[in-house]
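Colleague: sequence first, predicted coordinates after that:
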Amino acid sequence: MEIVSKFVIGSDQGVSDFLSIKKQSFISLHKDFVTEKKINAYIEEHFDERKIINELNDLSNQLIITYQDDIPVAYCLLKGGSMNPVFDKEKRMTEIDFVILPEYDSLEVRNSLYTKFISAAKFTDIVWINILEHNFLSEFFLNKNFKFIENSVSTEFSLPASILSFEIIR
């Protein structure tokens, strides 16, 4: 089994791989809390290929995709300059979207994606994530020295979430 995490650009293949993981994960995380109709409507409205290309071509954003035997199974989207009022405005902040498809979740996939993400985050002071409370990766982040900052809600369906952060030490 070969696991590779690499930077991806907004090419046709990169966008296709990203959207494939994003849609599958979105459905998996919400299916027990939101109707299928609402999930599909949200995907239709917000998972637009054009918006994704623009987001990926923004120079302050970076996308890492993890492949297991050439199958896209996870990603980390780093959004540089994503402000959050709970943090010191003088600090450089980066929000992350960190996703692993549950059926491919393994220590190897987690570590490959996390290691690549940390190497990319050296340019920032604080990395933060708004993560659903029921997301199986919450504990992983806490074990990686992310700190709980405050309770939150998801932007999608206002489900219970938490803001976690990690300060990059140089």
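Modeller: Nice, I can see it.
Colleague: buried residues, the lengthiest strand in the chain. List them.
Modeller: Counting by DSSP state E, the longest strand found in the chain is strand 71-80. If you call a residue buried by 16 or more other Cβ atoms under 10 Å, then strand 71-80 has these buried ones: 72-80. Glycine gets a C-beta too; all of them are placed from N, C-alpha and C.
Colleague: now the helix or strand hosting S165: buried residues?
Modeller: In the assignment (DSSP states H and E), S165 maps to strand 160-167. For strand 160-167, a neighbour-count test (16+ other Cβ under 10 Å) marks 161-166 as buried.
Colleague: kindly report the same for stretch 29-47.
Modeller: 29-30, 34, 39, 43.
Colleague: same question, stretch 148-161
Modeller: Neighbour-count burial for stretch 148-161 flags 149, 152, 154, 156, 159, 161 (criterion: 16+ other Cβ under 10 Å).
Colleague: first to last residue in that stretch, what's the distance?
Modeller: End-to-end distance for stretch 148-161: 11 Å, by Cα to Cα, to the nearest Å.
Colleague: what is the burial count for G14?
Modeller: 20 (other Cβ atoms under 10 Å).
Colleague: how about it, secondary structure?
Modeller: Per DSSP: H, G, I helix; E, B strand; the rest coil, the local secondary structure of G14 is helix.
Colleague: measure it to P102 for me?
Modeller: With distances taken as Cβ to Cβ, to the nearest Å, G14 is found 22 Å from P102.
Colleague: before we move on, back to that, which pair of the buried residues of strand 71-80 spans the longest distance?
Modeller: Spanning the widest gap among those are V73 and G80, at 24.4 Å by Cβ to Cβ.
Colleague: picking up where we left off before, got the buried residues of strand 160-167 as a markdown table, with distance to I3 and pLDDT columns?
Modeller: Below are these laid out as a markdown table (distance: Cβ to Cβ, whole Å; pLDDT from 0 to 100):
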| residue | distance to I3 | pLDDT |
| --- | --- | --- |
| A161 | 28 | 97 |
| S162 | 28 | 96 |
| I163 | 29 | 96 |
| L164 | 24 | 97 |
| S165 | 27 | 96 |
| F166 | 23 | 93 |
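Colleague: check what pLDDT R170 gets.
Modeller: Here the pLDDT value assigned to R170 is 67.
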